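> this one's structure only:
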C-alpha cells in the first residue's frame, strides 16, 4: 500500500493499541478471497461496475445463481457458482469471485507485442493501457485463467485493474469495500497470506473442511489475488479454477527460443548474402555476340 | 493461354520480352503486399522493430490492415499461380542443376545444365512463397479473429502463432535471397521485372533453353 508515511503511529485519548500498527505496509498488494464465507450476494460485482462506470448488463439465467456465463470486457468481476455433491451425498454451493489474478509472472504481458499496452506495477498490479492496445488478443492466448476480454467495437482488451486508480490513492479496491461478509480482504501480500493461513487453520480445527488450503499458484510465480478454498486439491470445482496454471509452453517457446533463432537466422541471411557478393560478385551475362543469335 | 507463349522476341531492338505486362503487375502486386505484411509482421514479431508499426500508422492500424493485406497477398499469389504453375514445375534437369548449385553460387555456370524460362532456384522460391502464403493464411485466420475460438479449442491459439512465425521466417529467408539475387547478384533482373525486356546475351546466359525456344533456334545437342 502506498500510504506508508501516513500510517497512524499514535492516537490521542485512545484506549488500547493503535489499530493496525504492526500491519505490514509493503508495497506489493494482495486481495484475499475467502470463498468459505462468500454468500454470493454479488455486491462486489455491482461495486466493480459502479466504480468503473459501466452499466449493469442483462443477466443470463442458467438455472443457477450465476449472473452470466462469463466475464465481459465491461464486467471484470463475476461470482462463479457451482453445486458440488460430496462422496457422502452432502451438497455444497461453491461460490468464487472470479477476476484477474494479477500473476507475478503474467502470461498476458509476456505474450503482448504492443509497446506499453500492459504494465506491471511494483505493487504487483498488472494493468492494461488501452490507448496502447492494438487488439491482437495475444494476452488472451498467454493468460492461463481466461481473463482478458475483447471489446469488438473498440478492438481493445479489458480486465480487472485491481482498482489501480483507487489503490494508487491509498484506497482499497471497490469490491473489497462492498463485501458484507468480510470474505474479501486487501493488504500486503504477506499480511494476506498470513490471514489466509489463519483462516485455513481455523477451518481445519473447527470445521469438516480438513483439506482447506490457500490457492496462490506457484506456476505463475504466485498471484496478487489469493483464495481460501474448502478443498485445496480440487480448485477446478470452483468454476474451473486451474489446478496448476502455467503460461502455455508454446507461448514461452514463441516468445523465447523462436525469437532468438529467428533473429539469428535473419541476421545470418543478410550477412550471408552480403559476404557472398563480396566473394563472388555479380553474375555477368556473356558478351553480346554481333549478328546472328545463338 | 500459357504465359510463356505470350513472350515474343523483339525484332526491332534485338531485346527479348521476358515478362509480359500482366506478369509484371502480378509480381509487383504480390511484392508490395508482401512487403507491407513483412514490415507490420516484423513490428509484432520484435519489440525492437515495433517502430515499423508506428511509421505505418500505429500499432492498431497495422493490426487492422495486416490480415487484410495478407489475404490480398495470397489472392495475388493464387493469381500468379494460375499463370506460372506450369512454368514452375520441377524437372529432371532442375534436379541435376540443384545437385550442383554450388557452381551457380560460385559463378561457374558453365558446369551447370542449361535452364528453361525459370531456373530451379527461382522455382524453389516460387513454391516456398506459394505454400508459405497458404500456411500463413491458414494460421493467420486464427490470429485474425481469435475471439471466435471457443475456450475448448484455446490450444489452437499459441500453436497458430508459432506456425505463423515459422512460416513467416521461412518466407523471409527466401525473400532475402530473392532481393539479393534480383538487385545485386544477377544484373538485368531488375530491368526485366520492371520493363519486361532483357538482352539476348542475358537470356542466353541465364536461361539458354528458354532463349532457344523463344528465338525459334534448334535445341542444343547434349
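All right, it came through fine. Fair warning: this is a prediction, and the values are worked out from it, not measured in the lab.
> Tell me if the strand or helix carrying residue A:93 is near chain B.
If you go by DSSP states H and E, residue A:93 is part of strand A:91-98. No - applying Cβ under 8 Å from any Cβ of the partner chain, one finds strand A:91-98 out of contact with chain B, separated by at least 13.5 Å. Where you see a C-beta, it was placed from the backbone N, CA and C, and this is true even at glycine.
> What are the contacting residues of that strand?
For strand A:91-98, the external contacting residues (Cβ atoms under 8 Å, 6 or more residues apart in numbering or on different chains) are A:33, A:35, A:38-40, A:44, A:65, A:71, A:77-86, A:175, A:184, A:227, A:230, A:237-239, A:241.
> For that strand, list every residue counted as buried.
A:94-98 (16 or more other Cβ atoms under 10 Å in any protein chain shown).
> Stretch B:184-203 too?
B:184-186, B:188-189, B:192-193, B:196-203.
> Give me the subset of the residues you listed that also touch chain A.
B:184-186, B:188, B:199-202.
> Which of the helices or strands spans the residue most central in space within chain B?
Centroid-nearest residue in chain B: residue B:126, 4.7 Å away (criterion: Cα atoms, centre = their mean). Assessed by DSSP H and E, residue B:126 sits inside helix B:120-144.
> can you give me the helices in the stretch 51-200 of chain A?
Along the stretch 51-200 of chain A, the segments classed as helices by DSSP state H, counting those that start in this stretch run A:107-111, A:138-142, A:164-167, A:174-178, A:189-206.
> nearest to chain B, of these?
helix A:138-142 (4.1 Å; Cβ to the nearest Cβ).
> Could you give the separation of that closest one from the chain centroid?
Distance of helix A:138-142 from the chain centroid (Cα atoms, centre = their mean, to the nearest Å) equals 12 Å.
> How about stretch A:186-203?
Remark: stretch A:186-203 is offset 20 Å from the chain centroid, using Cα atoms, centre = their mean.
> what residues does that stretch touch?
A:1, A:23-32, A:34, A:36, A:124, A:172-173, A:176, A:185, A:209, A:212-214, A:216, A:222, A:224, A:226, A:228, A:230.
> Could you list the buried residues of it?
Going by neighbour count (16+ other Cβ under 10 Å), the buried part of stretch A:186-203 is A:186-189, A:191-193, A:195-196, A:199-200, A:203.
> Can the helix holding residue B:126 be said to contact chain A?
Yes - interface with chain A: helix B:120-144 contributes residue B:143 (Cβ under 8 Å from any Cβ).
> what's that helix packed up against?
If contacts are counted by 3 or more Cβ pairs under 8 Å, 6 or more residues apart in numbering or on different chains; DSSP states H and E, helix B:120-144 sits against helix B:59-84, helix B:92-99, helix B:101-105, helix B:156-179.
> Can you convert those into TSV and add a column each for mean neighbour count?
What follows is those, written out as TSV (neighbours: other Cβ atoms under 10 Å in any protein chain shown):
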stretch	mean neighbour count
helix B:59-84	19
helix B:92-99	15
helix B:101-105	14
helix B:156-179	20
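> Off-centre distance for stretch A:158-171?
Taking Cα atoms, centre = their mean, the mean C-alpha location of stretch A:158-171 is offset from the chain mean by 13 Å.
> and what of stretch A:140-156?
In terms of Cα atoms, centre = their mean, the centre of stretch A:140-156 is found 12 Å from the chain centre.
> Would you state the predicted confidence (pLDDT) at residue A:285?
Here, the pLDDT recorded for residue A:285 equals 82.
> pLDDT at residue A:194, what is it?
95.
> now the helices and strands packed on helix B:120-144 as CSV including mean pLDDT and distance to chain A?
Formatted as CSV, these follow (pLDDT from 0 to 100; distance: least, Cβ to the nearest Cβ, whole Å):
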stretch, mean pLDDT, distance to chain A
helix B:59-84, 96, 4
helix B:92-99, 92, 14
helix B:101-105, 92, 7
helix B:156-179, 96, 4
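> is it true that residue B:140 touches residue B:164?
Yes - Residue B:140 lies in contact with residue B:164 (Cβ atoms under 8 Å); the separation is 5.7 Å.
> can you map out the strands along chain A?
A:29-34, A:78-85, A:91-98, A:118-120, A:126-128, A:149-151, A:156-158, A:184-188, A:213-215, A:225-229 (DSSP state E).
> Please tabulate those in TSV, including the columns mean pLDDT and distance to residue B:134.
Output for the strands of chain A, formatted as TSV (pLDDT from 0 to 100; distance: least, Cβ to Cβ, whole Å):
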stretch	mean pLDDT	distance to residue B:134
strand A:29-34	96	47
strand A:78-85	94	40
strand A:91-98	94	40
strand A:118-120	97	32
strand A:126-128	97	34
strand A:149-151	96	27
strand A:156-158	97	29
strand A:184-188	94	51
strand A:213-215	97	44
strand A:225-229	97	43
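> Please tabulate the ones you listed in TSV, including the columns distance to residue A:58.
Below are these laid out as TSV (distance: least, Cβ to Cβ, whole Å):
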stretch	distance to residue A:58
strand A:29-34	26
strand A:78-85	14
strand A:91-98	19
strand A:118-120	30
strand A:126-128	25
strand A:149-151	16
strand A:156-158	18
strand A:184-188	25
strand A:213-215	31
strand A:225-229	27
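> So for residue A:10, which of those strands sits nearest?
Closest approach to residue A:10 among the strands of chain A is made by strand A:184-188 (21.1 Å; Cβ to Cβ).
> Let me know the angle separating the closest one from strand A:225-229.
130 degrees (axes from the mean of the first three to the mean of the last three Cα atoms, to 10 degrees).
> Give me the distance from strand A:184-188 to the chain's centre.
With Cα atoms, centre = their mean as the basis, strand A:184-188 stands 16 Å off its chain's centre.
> Adjacent strands (with direction) for it?
Applying DSSP bridges, strand A:184-188 is found paired with strand A:29-34 (antiparallel).
> Mind checking the helices and strands packed on helix B:120-144 for the one nearest to residue B:22?
Smallest distance to residue B:22 across those (Cβ to Cβ): 7.3 Å, for helix B:59-84.
> which helices and strands sit right next to that closest one?
helix B:21-45, helix B:51-55, helix B:120-144.
> Give the rounded mean pLDDT of the second one.
By that I understand helix B:51-55. Helix B:51-55 shows a mean pLDDT of 95.
> Just list what it packs against, helices and strands only.
helix B:21-45, helix B:59-84.
> tell me the angle of the longest one relative to helix B:120-144?
Calculated by the same axes, to 10 degrees, helix B:59-84 forms an angle of 140 degrees with helix B:120-144.
> so how far is helix B:59-84 from its chain's centroid?
The chain centre lies 13 Å from the centre of helix B:59-84; the measure is Cα atoms, centre = their mean.
> for stretch A:92-104, same thing?
Its chain's C-alpha centre and that of stretch A:92-104 lie 10 Å apart, by Cα atoms, centre = their mean.
> first vs last residue of it, how far apart are they?
For stretch A:92-104, the first and last residues are 32 Å from each other (Cα to Cα, to the nearest Å).
> now stretch A:214-221
Stretch A:214-221 has its terminal residues 15 Å apart, counting by Cα to Cα.
> Get me the contact residues on the stretch 151-294 of chain A for chain B.
Going by Cβ under 8 Å from any Cβ, the residues of the stretch 151-294 of chain A near chain B are A:152, A:155, A:248, A:250-251, A:253-254, A:258-259, A:262-263, A:265-266, A:269-270, A:273, A:276-277, A:280-289, A:293-294.
> Show the buried residues in those.
A:155, A:248, A:250-251, A:254, A:258, A:262, A:265-266, A:269, A:273, A:276, A:283, A:285, A:293.
> Roughly how far does the nearest residue to residue B:197 once chain neighbours are set aside sit from chain A?
Excluding the flanking residues, the one nearest residue B:197 by Cβ to Cβ, 6 or more residues apart in numbering or on different chains is residue B:15, at 4.4 Å. The gap separating residue B:15 from chain A is 11 Å, by Cβ to the nearest Cβ, to the nearest Å.
> Please look at residue B:15 and residue B:196 and confirm they touch.
No - with contact defined as Cβ under 8 Å, residue B:15 does not reach residue B:196; the gap is 9.3 Å.
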